[in-house]
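[1] give me a 3D structure for the following:
(chains A, B, C and D)
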There are 2 protein chains.
Amino acid sequence: MSPPPSSPGARGRATIADVAAEAGVSKATVSRYFNHRERLLSPDIAARVEAAISKLAYVPSPMAQALSHGRSRLIGLVVADITNPYSVAVLRGAEKACQDAGYLVMLFNLGNDRERERAAIDALASYQVDGFILNTLGQGEGQADVHTLHGKPAVLVDRRHAGLAADFVSLDNRGAMHDACTHLRQQGWRRLLYITQPLLGVSSRVERTEAFRALAAAQGTQVHGEVLELAAEQGDEVLDQALADLLRQAPPGERCAVVAGNSVVTLRVAASVSRMGWTFGQELGFVGFDDPEWASLIRPGLSAVAQPTDAIGQCAAQCLLDRIGGLQGPARESLLPGLLVVRGSSLGPGGRAAPG
Amino acid sequence: MSPPPSSPGARGRATIADVAAEAGVSKATVSRYFNHRERLLSPDIAARVEAAISKLAYVPSPMAQALSHGRSRLIGLVVADITNPYSVAVLRGAEKACQDAGYLVMLFNLGNDRERERAAIDALASYQVDGFILNTLGQGEGQADVHTLHGKPAVLVDRRHAGLAADFVSLDNRGAMHDACTHLRQQGWRRLLYITQPLLGVSSRVERTEAFRALAAAQGTQVHGEVLELAAEQGDEVLDQALADLLRQAPPGERCAVVAGNSVVTLRVAASVSRMGWTFGQELGFVGFDDPEWASLIRPGLSAVAQPTDAIGQCAAQCLLDRIGGLQGPARESLLPGLLVVRGSSLGPGGRAAPG
DNA sequence: TTGTATGCGTTATCAA
DNA sequence: TTGATAACGCATACAA
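    Predicted coordinates:
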């Protein structure tokens, strides 16, 4: 209530000097109260400092700390496309983990403009972020290399980076593809078409495609596998034609199914099937990567490999915090398992779907 | 190539002192080059400074600038629930506008925990953000008041704040509800049920509900309107029962339709209709607020009021930047119009849907 | 155990 | 027009 000595609150918040004056000690002592508490501070002094702090509602300025000590308690998060539900889901997990650890997240959305990746990292670095979480293309003009990170640790999410020896967190793409294809084969779908967005060197797309090809090859004559790269620019007729071809070229009695590389593809496939007047699980089997909220609304329910997006985000954040904490050693790799959710789209005629 | 005088790059990036030494001028001169360029700097000195800057790839430290000058070029963005697609869509527009203006966004997700609103703002403020974009509940323990904002300007998105005289940007809820209800009535749907998430004092929900009630009342005997608040905790049977009741209680020949308050509700209604074995546009008419990407996949297409989320985000950011730029005056209010997208779900038996 | 002095990178005030 | 110098808020050697 009574105005403290050095007029805090006069222009903004109380500073360490205000607290020092209020407690009748030096600024260094107040600083020590926060940083080296028990080790070197006498109880009575500590009590006085504490009283002054709570009286003035003093909170240290992270900006000033960053300038002085070098640590900002800021995490830079670069995301290729915030429109992508996957990015958002990961973002959510990562942001929560950072928050819990006392870090704040600075966001930079590339809007799928790979040329801005470098600029994004530089901008974030200029704010002295303690580390990066990167979910980007990892290609193009301003490709990131070790030097780009300004000596700060980084963790890659979902997409590997050619010249970047950083920790990596992602879905176990190979395992997930295995689960999806095995399930389809067991349900009697013999002719598989994998549809993906254009690979463009994006590691997750490449890995899934390669896993699909490897699985089809390993099945020998039992399974016939093809791959279609479908670009956003390509009209719906391209997809419609591809699906029609798939069924037409199948030998009599060989049932056809589609595996979609992500929910963007799933959406287009669902629209196409609707246009053709087909029903999933009848003319065409289906399993998609990603499990969007509307998957169960499409009759008779779309089977999907659900990604543990929240866990991926939290794991990424934890990895990074470990590194910020000083953890040394070679780049680590965390591959989290997906969860196959079986619905009607992938069941054979006599099959039964799990509830939901 | 040759090591500059004061060893830049030795420990991190070049500083203003390095540039000053390289150019043979004082730090103040270099600072002036950035802040008061043409006004008070001789051409030859400016040229020398410029050369040194590009040679050392010098970039001013925003942290140091913030400490000294008070401006951080940081925007604090508090969002109630980043899981909500609406929040993300707005976030996207806002982040882009901020980026274009040279601002970076610090993100804080409340995860629907209204008690953390205060903590969120404080945390952001401690980083000296220049302003806030708030999409929160605006209620609960740590309710925000003017003092909470630490003297920084703020803009409210989608949800008004009781004790906060800040600019406000949102969908024109009344207009959108008018469009939705008028369209339904014109198509012959006479018995309307508005389903919303629990109001909880959230202004957008309250406004839509009030608008619905007002419209129904204004229609007199032509339209019968009811409201259902559906909580996430309530089981599906509650919704199923409500829809069944709606139809059962309708006089013979009076067709029933649902208006959904947002895409969360839309999802549940679609699931319920699926469980009942109904078809939209037949047993039940439908228009929903928000136009999710899967709206056209639900047969025969879900009619919706699409929000201009991107514009809302950009408008919010621009409002805030205006204030940061010093704009005075009373709180402004920007109500952006929604776009009614008509699909099969709201058409009468003889109606024709717009393509898409 | 505590206080003094200095640096972190920048801007602003005041002289020159 | 340019240069010293003092903040900005904090942490840390170093001295006491």
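[2] report pLDDT for the residue nearest to A:Ser61 when sequence neighbours are not counted.
    Computed as CB to CB, 6 or more residues apart in numbering or on different chains, the closest residue to A:Ser61 that is not its neighbour in sequence is B:Ser126, at 6.4 Å. Just so you know, the C-beta spots here come from the backbone N, C-alpha and C atoms, and that holds for glycine as well. On the pLDDT scale, B:Ser126 is placed at 93.
[3] quick check: the gap between B:Ser126 and A:His147.
    Between B:Ser126 and A:His147 the computed distance is 31 Å (CB to CB, to the nearest Å).
[4] these two - which one has more neighbours?
    Using other CB atoms under 10 Å in any protein chain shown, the more surrounded residue of B:Ser126 and A:His147 is B:Ser126, with 18 against 8.
[5] ok, now which ones touch that one?
    A:Val59, A:Pro60, A:Ser61, A:Pro62 (CB atoms under 8 Å, 6 or more residues apart in numbering or on different chains).
[6] let's see it at 10 Å
    B:Ser126 sits next to A:Arg13, A:Val59, A:Pro60, A:Ser61, A:Pro62, A:Met63, A:Gln65, A:Arg73, A:Leu104, B:His150 when contact means CB atoms under 10 Å, 6 or more residues apart in numbering or on different chains.
[7] and those residues, which of them are in strands?
    Residues of these located in strands (DSSP state E): A:Leu104.
[8] shaky segments in chain A?
    For chain A, the stretches with pLDDT under 70 are A:1-12, A:137-146, A:349-356.
[9] run the last query once more with 80
    Applying pLDDT under 80 to chain A flags residues A:1-12, A:37-40, A:137-148, A:162-163, A:220-221, A:348-356.
[10] quick check: residues of it near DNA strand C?
    Contact residues, chain A versus DNA strand C (CB under 7 Å from any atom of the strand): A:24-29, A:32, A:40-42, A:44-46, A:64, A:67-68.
[11] buried subset of these as a PyMOL selection?
    In PyMOL, this line selects whichever of these come out buried by 16 or more other CB atoms under 10 Å in any protein chain shown:
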select buried, chain A and resi 25+29+32+41+45+46+64+67
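[12] residue of the stretch 201-350 of chain A closest to DNA strand D, please.
    Residue of the stretch 201-350 of chain A nearest DNA strand D, by CB to the nearest atom of the strand: A:Gly326 (13.8 Å).
[13] under a three-state scheme, what state does that residue occupy?
    What DSSP: H, G, I helix; E, B strand; the rest coil gives for A:Gly326 is coil.
[14] same deal with A:Arg205?
    helix.
[15] just give the number of residues close to it.
    Around A:Arg205 there are 20 residues (other CB under 10 Å).
[16] next: the one 10 residues further on.
    Counted with other CB under 10 Å, the neighbours of A:Leu215 add up to 21.
[17] ok so it is a helix residue?
    Yes. A:Leu215: assigned to a helix according to three-state DSSP.
[18] you'd agree it is up against A:Gly175?
    No. The criterion here is CB atoms under 10 Å, and A:Leu215 misses it with A:Gly175 at 11.1 Å.
[19] and stretch A:319-332, how far apart are its ends?
    9 Å (CA to CA, to the nearest Å).
[20] what about it, distance to the chain center?
    Computed by CA atoms, centre = their mean, to the nearest Å, the chain-centroid distance of stretch A:319-332 equals 18 Å.
[21] quick check: chain neighbours aside, which residue is closest to the residue in the stretch 101-250 of chain A positioned nearest to DNA strand D?
    The stretch 101-250 of chain A approaches DNA strand D most closely through A:Gln128 (12.0 Å), counting by CB to the nearest atom of the strand. In space, not counting the residues next to it along the chain, A:Gln128 is nearest to A:Ser72; the distance is 4.3 Å by CB to CB, 6+ apart.
[22] for that neighbour, grab the count of nearby residues.
    Neighbourhood size, A:Ser72 [other CB under 10 Å]: 22.
[23] sorry, back to before: the contacts of B:Ser126 also near DNA strand D: which ones?
    Restricting the contacts of B:Ser126 to those touching DNA strand D (CB under 7 Å from any atom of the strand) yields A:Val59, A:Pro60, A:Ser61, A:Gln65.
[24] dump the residue contacts of the first one.
    In this case it means A:Val59. Neighbours of A:Val59 in contact, by CB under 10 Å, 6+ apart: A:Arg13, A:Ala14, A:Ile53, B:Asp122, B:Ala123, B:Ala125, B:Ser126.
[25] and it, how close does it get to A:Thr15?
    Separation of A:Val59 from A:Thr15 (CB to CB) stands at 10 Å.
[26] quick one: common contacting residues for these two?
    By CB under 10 Å, 6+ apart, no residue touches both A:Val59 and A:Thr15.
[27] that's a helix at A:Gly348, yeah?
    No. Counting by three-state DSSP, A:Gly348 falls outside a helix, being coil.
[28] residues near it, how many?
    By other CB under 10 Å, the residues close to A:Gly348 number 14.
[29] then A:Gln241?
    A:Gln241: 12 neighbours (other CB under 10 Å).
[30] that one: what secondary structure?
    Strictly by three-state DSSP, A:Gln241 counts as helix.
[31] can you check A:Ser87 too?
    A:Ser87, by the three-state scheme (three-state DSSP), is helix.
[32] kindly report the same for A:Ile195.
    Counting by three-state DSSP, the backbone at A:Ile195 sits in strand.
[33] so what sits opposite it in the bridge?
    A:Leu228, A:Ala260 (DSSP bridges).
[34] ok, it touching A:Val273?
    No. In this structure, A:Ile195 is not within contact of A:Val273 by CB under 10 Å, at 12.0 Å.
[35] intersection of neighbour lists for the two?
    Contacts common to A:Ile195 and A:Val273, judged by CB under 10 Å, 6+ apart, are A:Leu239, A:Leu243, A:Val258.
[36] could I get those as JSON lines with neighbour count?
    Below are those laid out as JSON lines (neighbours: other CB atoms under 10 Å in any protein chain shown):
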{"residue": "A:Leu239", "neighbour count": "21"}
{"residue": "A:Leu243", "neighbour count": "23"}
{"residue": "A:Val258", "neighbour count": "27"}
